[in-house]
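Student: quick one: sequence plus predicted model below, questions after.
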Amino acid sequence: MNYLVYGNERYLLQEKLNQIINEHVGKQDQMNTVFYDAGNSDFTMRTVLEEASTFPFFSEHKMIVVSNSLFLTRGNNLSDADLKSLDEYLIKPSDFASIVFYHEEENLDTNKKVVKSIQKYCRVMHVKKATGEEFRGFIRNEVAKRKIKLSHDAFNELILRVDENMTTGINELEKLSLYSLNINLDDVVALVSRPLDNQVFHLVNALMDKDLRRCMKIWNDMVVLSIEPLSFVGLIASQLRLMYQVLTLHQQGYHRNDIVNMLSSASGNINAYRVSRLLAQAEATTTERLLFVLNRLAELDQKSKSGQIEKKFGFEMFLIEATR
């Protein structure tokens, strides 16, 4: 049995990978589990298939894990020879080896021959990100495991700051448990930083909602962290441009996976989860409003760089104007 395991939650992907390895070889060691990074410049599928066709030593079965399987997405390709060899192997695979194609992204280019072949001959496991109450339940269980007492406000703030990322949540709980087993809101605020991308997401939400109070609160948090105004402007503009593209494609009738594939070919940093979030934001506004805010940002950038306005003051004026 060969596998395709993909999704955008690293913690759950690793859990699934470990489960597969345990089912086939039990305890993992260097003799029965071999890892290849398809992102390396010297990677070839031929090497993987040669390994899969070689009998294992000191074990009855071996696992071959191909990580960073970028050839499953648009813009990254296998050679014709590699593609032919893989197709032939998957039709008649070794009975003493299993290959796991491991991909930490949501987006697969389903038009590619290699993707169609892997989906046809491999067991496909799409690992979906935990969200909402499912994620909150996961964090509650991890808190209980560590015997941490977390106040209600502290728990909600932690959820906000880890941005529904399981790996980040576990790491932050480890840090908090070393500090104290009784954690309040002030402890979370002091010890758990807000991801900058998450802050940009929430600021854009506040801008689209025309909520100046929320905008200023987020911006003041950034001032405390000594974030350069123009670098924050660049991140907001990037988010808004991407939101504009997502909304425009959605209005033209494209489905989510189509949008992911189209934007990935240009950026390489787009996944279905991010598109879903952007689409939810975009559906609450209009392309005209997005262009209005982008134009105000461009004016701010030009005036700040030419010295016509002080950067911090200019950014705060932009927030006021954009939320009218």
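Tutor: Noted; the coordinates are in hand. Keep in mind it's a predicted model, so treat the numbers as computed, not measured.
Student: packing partners of the particular helix or strand that has Ala237 in it?
Tutor: Using DSSP states H and E, Ala237 sits within helix 229-251. On a contact count with 3 or more Cβ pairs under 8 Å, 6 or more residues apart in numbering; DSSP states H and E, helix 229-251 meets helix 196-208, helix 256-267, helix 272-282, helix 287-305, helix 311-322. Yep, even glycine has a C-beta here, placed from its N, CA and C like the rest.
Student: same question for the fourth one, mean pLDDT?
Tutor: In this model, helix 287-305 has a mean pLDDT of 88.
Student: so which of the helices and strands packed on helix 229-251 gets nearest Pro229?
Tutor: helix 311-322 (4.2 Å; Cβ to Cβ).
Student: can you spell out which helices and strands pack onto the closest one?
Tutor: helix 212-224, helix 229-251, helix 287-305.
Student: picking that back up, for the helices and strands packed on helix 229-251, which one sits closest to Ser59?
Tutor: Per Cβ to Cβ, nearest to Ser59 of these: helix 272-282, 36.9 Å.
Student: thinking again about what came up before, and the helices and strands packed on helix 229-251 as TSV, adding distance to Leu240?
Tutor: Below are the helices and strands packed on helix 229-251 laid out as TSV (distance: least, Cβ to Cβ, whole Å):
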stretch	distance to Leu240
helix 196-208	6
helix 256-267	14
helix 272-282	10
helix 287-305	5
helix 311-322	10
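Student: relative to His126, which of those is closest?
Tutor: So among these, helix 272-282 is nearest, using Cβ to Cβ, at 10.1 Å.
Student: about what we covered before: ranking the helices and strands packed on helix 311-322 by burial, who's on top?
Tutor: Greatest average neighbour count among the helices and strands packed on helix 311-322 goes to helix 229-251 (a mean of 18), per mean count of other Cβ atoms under 10 Å.
Student: who are the contact partners of the closest residue to Arg277 other than its chain neighbours?
Tutor: Using Cβ to Cβ, 6 or more residues apart in numbering and skipping residues adjacent in sequence, the residue nearest Arg277 is Phe201, 6.9 Å away. Phe201 makes contact with Gln239, Arg277, Gln281, according to Cβ atoms under 8 Å, 6 or more residues apart in numbering.
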